[in-house]
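> I'd like to go over a predicted model; first the sequence, then the structure.
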Amino acid sequence: MGAGASTISALLCGAAAAALLLRWRGRRGLRRELAEAGRRRQRALGRMEKAAARFREQNPDVDADPILSLSLVELSEKLRDGSLSPDWVFYTYMDKALQVTKEVNCVTDYLQESESQLQQVKRQEKKDLLYGVPVSIKDSINYKGHDSTLGLAKRLNQPAAEDCVLVQVLKRQGALPFVKTNVPQSLLNYDCSNLIFGQTVNPLDHTKTPGGSSGGEGALISGGGSILGIGTDVGGSLRVPAAFCGICTLKATGGRLSKKGVVPSIPGQKSAVVGIGPMARDVDSLVLCMRALLCDDMFRLDPTVPPLPFNEEVFSSSRSLRIGYYDTDSFTMPGPSMRRAVLETKQLLENAGHTLVPFKPCCIEHLMFDISVRGLFADGCATFLDLFKGELEDPNIKQLLLLSKVPGWLRSLLSWIVKPIVPRLANVLRNMNERSVKELWKLHCEIEVKHHLEQLVPLFNPPLSGLIQCSLTSAERLPVTWVGP
Ligand SMILES: CCCCCC/C=C\CCCCCCCC(=O)NCCO
């Protein structure tokens, strides 16, 4: 080998060694940041513990069980008529939230400002709908002075400059947002773990996931540590954890509740719409929360939200309704308990005088893959991959990341190869490829015109007043695949 060639190979080896060293240093730095975030969280939980202990010491007669067993409607009535003190409720839920998080690892941050807000609320003459109600919020919902991490180290130490509109409205209605809850790394996952806060497990069975991405909310509410929570959903993030944890939720129509200050995974993506919604133990709680949120404050603070208040007339009408139902979408087969739940609900509605008509959901496979997956990843997964630049990857997201990193031509080839054996994987792969602007506009047209205007709107106008949906999945809880730090 000549001197020139050995110089080149020495330079190449040196460059490779330098790159490896830089990568190793970067990862070591990240691990330190994650460890520091973990310690910060423990300190926050410690402050919460101290506050709850102080209250117990000063109020030894407060009995937690009667408070925790009240429904949200009962609790809010007692708070408003003065038969229950906001202090009692606040610290009782704080204590319970700590107990639940020790079991299932669901609380990620203590919103300590809620303690001074409690003092303000107590001085208030006006008692609004959620007066004194402690509320938990998903990690991605901005609360001034606290991180919205999405489970990503790069988002640590970037506290929100202000409360999102949703939090502002909750506060104006007298609610006390007091904790933030766990999510999967990036939010695009039906499990609930990340390298900052670890794995959240299901309070009904610790070997199972609570679902995701609003999994911390699902686990906390199901365990009894919060009476009302707020989450978000693109492709099941409210519905999956609610089903897995045995609680209720409502994915409000996109745009019905303000998204200002709620951090999305893929900003700018318009095909699969983000919906915000309450999570709680029963349906009446969801109603109360929607009634409180759909107010002038919301419409004023975010003028993009249509100013349509909660329609009391429709809600309390005893008019007989025509309601569609289905117990399978022929894509995800329901387990026996899911089918039973749908049929029991159908029977109850019929007993109440409504007419139930069988409904056949159309083209779920097409909607799932050629619309949702294609829309989410229309940039060839670039925005999704950006989230993970310089990031350590949570084992639960590795499969999706692997598919996202494959070059487009190879994805097409793999899709063609696996199609006869795993057709759904082939469909995912095919739809993760980059689209031209023209193709994306065509997709938007298909969603707005073909799907919404031509298929969905005629269903509800006028023949159907509602639809009982079977969950996206069979709602059988999935095993936890990995338990993090
Ligand atoms: C949109 C559903 C498609 C399911 C097919 C699986 C293929 C790709 C994985 C995408 C993961 C989507 C998770 C959605 C969870 C969610 O709603 N996250 C957003 C929370 O605001």
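Looks like it came in fine.
> burial of the closest residue to the ligand within the chain, as a residue count?
Closest to the ligand within the chain is residue 235: 2.7 Å, counting by C-beta to the nearest ligand atom. C-beta coordinates here come from the backbone N, C-alpha and C atoms, glycine included. When neighbours are counted by other C-beta atoms under 10 Å, residue 235 registers 16.
> In three-state terms, label it for me.
coil (DSSP: H, G, I helix; E, B strand; the rest coil).
> The host helix or strand of residue 444: what's the following helix or strand?
Assessed by DSSP states H and E, residue 444 sits inside helix 437-445. Helices and strands here follow DSSP H and E; after helix 437-445, the next one along the chain is helix 457-460.
> Output that next one in CSV with nothing but the alpha carbons.
This file holds the C-alpha atoms of helix 457-460, laid out as CSV (Å, rounded to 0.1, in the frame of the first residue of the first chain):
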residue,chain,number,x,y,z
VAL,A,457,-73.0,13.4,6.6
PRO,A,458,-75.9,11.7,4.8
LEU,A,459,-75.8,9.0,7.5
PHE,A,460,-76.6,11.5,10.2
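> Packing partners of that helix?
Packed against helix 457-460, as judged by 3 or more C-beta pairs under 8 Å, 6 or more residues apart in numbering; DSSP states H and E, are no other helices or strands.
> from the middle of its chain, how far away would that helix be?
Averaging C-alpha coordinates over helix 457-460 and over its chain gives two centres that are 28 Å apart (C-alpha atoms, centre = their mean, to the nearest Å).
> buried stuff in that helix?
Within helix 457-460, no residue counts as buried by 16 or more other C-beta atoms under 10 Å.
> Same check on stretch 270-281?
Of all the residues in stretch 270-281, those buried under the rule 16+ other C-beta under 10 Å are 271-272, 274-281.
> So is it next to the ligand?
Yes: using C-beta under 6 Å from any ligand atom, we find that stretch 270-281 touches the ligand at 272, 274.
> per-domain residue ranges of this protein.
Domain ranges of the chain: 33-310, 322-359+457-483, 364-453, per automatic domain parsing.
> ends of the first one, how far apart?
With C-alpha to C-alpha, to the nearest Å applied, domain 33-310 spans 44 Å between its terminal residues.
> Make 19 the first number, not 1, from now on.
Sure, I'll start counting at 19 from here, so that last one is domain 51-328.
> Let me see the mean pLDDT of it.
Mean pLDDT, domain 51-328: 97.
> Off-centre distance for that domain?
For domain 51-328, the distance to the chain centre is 10 Å (C-alpha atoms, centre = their mean).
> Stretch 423-431 now?
30 Å.
> need the strands for the stretch 269-418 of the chain, in chain order.
293-298, 340-343, 373-376 (DSSP state E, counting those that start in this stretch).
> where does residue 253 fall, phi/psi-wise?
When read as degrees, to the nearest 10, the backbone of residue 253 gives phi -120, psi 30.
> quick one: it and residue 290 touch, right?
Yes: using C-beta atoms under 8 Å, residue 253 is in contact with residue 290, at 5.9 Å.
> what residues are shared contacts of those two?
Here residue 253 and residue 290 have 390, 394 as joint contacts, going by C-beta atoms under 8 Å, 6 or more residues apart in numbering.
> I'd like the domains of the chain as CSV, with distance to residue 29 appended.
Below are these laid out as CSV (distance: least, C-beta to C-beta, whole Å):
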stretch, distance to residue 29
domain 51-328, 32
domain 340-377+475-501, 41
domain 382-471, 26
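> longest helix of this structure?
In terms of residue count, the longest helix belonging to the chain (DSSP state H) is helix 21-76.
> Counting by contacts, list what it packs against.
helix 104-122, strand 125-128.
> Please report how far the nearest residue to residue 267 once chain neighbours are set aside lies from residue 237.
Take residue 267 and drop its neighbours on the chain: the residue closest to it by C-beta to C-beta, 6 or more residues apart in numbering is residue 260, 3.8 Å away. From residue 260 over to residue 237 the distance is 11 Å, taken as C-beta to C-beta, to the nearest Å.
> who has more neighbours, these two?
residue 237 (33 against 30).
> Is that one in contact with residue 215, as I believe?
No: taking contacts as C-beta under 8 Å, residue 237 lies outside contact range of residue 215: 12.0 Å.
> Show me the common contact partners of these two, please.
By C-beta under 8 Å, 6+ apart, the residues touching both residue 237 and residue 215 are residue 200.
> Contact residues of the stretch 169-318 of the chain facing the ligand?
205-207, 231, 250-255, 283, 290, 292.
> Narrow those to those that are buried.
Buried, going by 16+ other C-beta under 10 Å: 205-207, 231, 250-255, 283, 290, 292, out of these.
> Going by distance to residue 76, which of these wins?
Comparing those against residue 76 with C-beta to C-beta places residue 250 closest, at 37.4 Å.
> Contacts only, for the closest one.
156, 158-159, 205, 231-232, 256, 280, 282, 292-295.
> rerun at 10 Å
156, 158-159, 184, 201, 205, 231-232, 235, 256, 269, 275, 277, 280-283, 292-295 (C-beta atoms under 10 Å, 6 or more residues apart in numbering).
> residue contacts, residue 295?
By C-beta under 10 Å, 6+ apart, the neighbours of residue 295 are 232, 247-251, 255-257, 260, 267-271, 274-275, 304, 307-308, 311.
> Endpoints of stretch 337-345, how far apart?
Where stretch 337-345 begins and where it ends lie 25 Å apart, using C-alpha to C-alpha.
> how distant is that stretch from the center of its chain?
On C-alpha atoms, centre = their mean, the centre of stretch 337-345 falls 28 Å from that of its chain.
> Now it: buried residues?
341-345.
> mean confidence score for that stretch?
Stretch 337-345 comes out at a mean pLDDT of 87.
> and the gap between the most centrally placed residue in the chain and residue 292?
When C-alpha atoms, centre = their mean is applied to the chain, the residue found nearest the centroid is residue 232 (2.9 Å). In this view, residue 232 and residue 292 are 12 Å apart by C-beta to C-beta.
> Residues that sit against both of these two, list them.
Residues touching both residue 232 and residue 292 (C-beta under 10 Å, 6+ apart): 158, 205, 250-251, 255.
> give the contact list for the closest residue to residue 411 other than its chain neighbours.
Closest residue to residue 411 apart from its sequence neighbours, by C-beta to C-beta, 6+ apart: residue 419 at 6.0 Å. By C-beta under 10 Å, 6+ apart, the contact list for residue 419 reads 203-204, 206, 399, 402-403, 405-406, 409, 411-412.
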